[in-house]
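A.B. asks: Model the structure of this input:
(one chain, ligands or ions: 1)
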Amino acid sequence: MISYEIYKLTHILSFLFIFIGLAAYIYSHKKIFALFHGLGLALLLVTGFGLLARLGLTSGIPQWVWVKLGVWFLVGATYSVAKRKMLSPFFQITLWMILAGIAASMAIFKPMLF
Ligand code: HEM
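C.D. replies: Numbers count the residues shown, from 1 in each chain. Predicted structure coming up:
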């Protein structure tokens, strides 16, 4: 059985994969970094649900997790924004940092939102 700690470590590594991959991609446009991003996204979701299970939250998805799922979707979607060079690297990286900050604070503060 995979422990809470292993899920959390992999969760953290997954979002590092995503954001470092994306940042490297916008400057190099190399496919390998797009792969980092894709792999990170898949792992992030798996480990996120693994963590939820380890926390015993199996009878429904809490509000703060819905927000994280929204961030996950947006981070996934912004790959096409990066691919098409629609935003400046500065704006793009700032946006990703804000999104990562929102997702991390949801796990830390677990607010009731709606
Ligand atoms: C870019 C997106 C995401 C980022 C940056 C992120 C970041 C983090 C961080 C930093 C933690 C550790 C918080 C702590 O130690 O207190 C965490 C925990 C967690 N995340 Fe994520 N996360 C993301 C997406 C997701 C997704 C999509 C899910 C659900 C499917 C998810 C579910 C969880 C859960 C259940 C925890 C454990 C909270 C706890 O231990 O109390 N995360 N996340």
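
A.B. asks: if I look at the closest residue to the ligand within the chain, how far off is G76?
C.D. replies: Closest residue of the chain to the ligand, Cβ to the nearest ligand atom: G48 (2.5 Å). The way it works is simple: take the backbone N, C-alpha and C, and place the C-beta from them, glycine included. According to Cβ to Cβ, to the nearest Å, G48 and G76 sit 13 Å apart.

A.B. asks: More neighbours: these two, which one.
C.D. replies: G48 (21 against 17; other Cβ atoms under 10 Å).

A.B. asks: can you count the residues close to the residue nearest to V75 when sequence neighbours are not counted?
C.D. replies: Distances taken as Cβ to Cβ, 6 or more residues apart in numbering place L99 nearest to V75, at 5.8 Å, with adjacent residues excluded. Other residues within reach of L99 by the criterion other Cβ under 10 Å amount to 17.

A.B. asks: likewise the one 3 residues further on?
C.D. replies: Applying the criterion other Cβ under 10 Å, we find 14 residues in the vicinity of I102.

A.B. asks: Which pLDDT value goes with it?
C.D. replies: Looking at I102, its pLDDT reads 98.

A.B. asks: Next, see if stretch 87-94 gets close to the ligand.
C.D. replies: No. Stretch 87-94 is not in contact with the ligand by Cβ under 6 Å from any ligand atom; minimum separation 13.9 Å.

A.B. asks: Stretch 61-78 now?
C.D. replies: Yes. Applying Cβ under 6 Å from any ligand atom, one finds stretch 61-78 in contact with the ligand at 65, 68-69, 71-72, 75.

A.B. asks: Spell out the secondary structure type for G60.
C.D. replies: At G60 the chain is in coil, as set by DSSP: H, G, I helix; E, B strand; the rest coil.

A.B. asks: quick thing: my sequence starts at 37, can you match it?
C.D. replies: Fine by me, first position is 37 from now on; the one you just mentioned is G96.
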